[in-house]
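Model the following, please.
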Amino acid sequence: MSAYDLLLSNIKLNASKNKEIASGCENEYINVDKLFNLFYHLFNSNNLLEDAKPVADTDKMNKFVFTEEYPDAIMTDGCTVTFEITRRECANLSVNTKYMSESHTQYRPMYLGEREDIDNGGVIASYMQPYDNEITLYCWSSKVKYARNIASLVENVLLVSYYFIRQKVGVFAYHGRYAPIIKTGYGEKNMVGIPIKILVRTYEVGFVKKSILDKLPQLIIEDIT
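Residues are numbered from 1 along each chain as shown. Presented below is the predicted three-dimensional model:
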């Protein structure tokens, strides 16, 4: 059995069990790298994001800059919400978690199918791996009341958008709002950050090319020797 056939045999083991999850996931679900864009769209469509104009006093509590950068890089007189992936691991489907009622951690990729490899000949196998991602949204401001208000706005948008988000991810679960963080190292301003944590399960699709995979055993041997 070739390396390709062996891998294909392994990832097919759970195919029938996970057929319902895997069906159509190549087109329906997004990976972790696109979560920021999804949240940006939600906040922007709710008119919560600052534009390039100066921040008016009435908007300082109701609008914010949304970024993956640390707040000192773009901090304005208003508020900033930063996006951070604080934990990522293979999806935990254990019965002893408060989110799932299945019985294992999904370490093995789920087999989706094969298609012809037009460029290299042979076939390409597609597979899907579920990941649990802890996303932390830090709501930053120079004033505690502004940071709290922005945190509430973020929570409300995520709540009302739940069913839209669930069209793109496998699980979306709110963890909670945590104690404020006090930072003094951002320019000349003391800043308060209120973290909001959520769990997002992504179903991420990958591909295995037979023409490349068949070369791996020899490449590994050459690298070792």
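
Thought residue 140 was touching residue 192, still the case?
Yes. Look at residue 192 against residue 140 with Cβ atoms under 8 Å: they come within range, at 7.1 Å. C-betas here are computed from N, CA, C, even on glycine.

By mean pLDDT, point me to the weakest helix or strand of this structure.
helix 19-22 (a mean of 52; mean pLDDT, DSSP states H and E).

hang on, the earlier thing: neighbour count winner among residue 192 and residue 140?
Ranked by neighbour count (other Cβ atoms under 10 Å), residue 192 and residue 140 place residue 140 first, with 27 against 19.

bridging residues for that one?
Beta-bridge partners of residue 140, counted by DSSP bridges, are residue 80, residue 193.

Distance-wise, check residue 81 relative to residue 149.
Residue 81 is 12 Å from residue 149, where distance means Cβ to Cβ, to the nearest Å.

The two - which one has more neighbours?
Residue environment comparison for residue 81 versus residue 149 gives the larger neighbour count to residue 81, 26 against 19, counting by other Cβ under 10 Å.

Tell me if I'm right that that one and residue 153 touch.
No. Between residue 81 and residue 153 no contact is recorded; they are 9.2 Å apart, counting by Cβ under 8 Å.

hang on, the earlier thing: what touches both of residue 192 and residue 140?
Residues touching both residue 192 and residue 140 (Cβ atoms under 8 Å, 6 or more residues apart in numbering): residue 147.

where do the strands sit along the protein?
64-67, 79-90, 92-93, 104-105, 110-116, 123-141, 171-177, 181-186, 189-209 (DSSP state E).

Could you tell me the least trusted of the ones you listed?
The weakest mean pLDDT among the strands of the chain belongs to strand 104-105, with a mean of 59.
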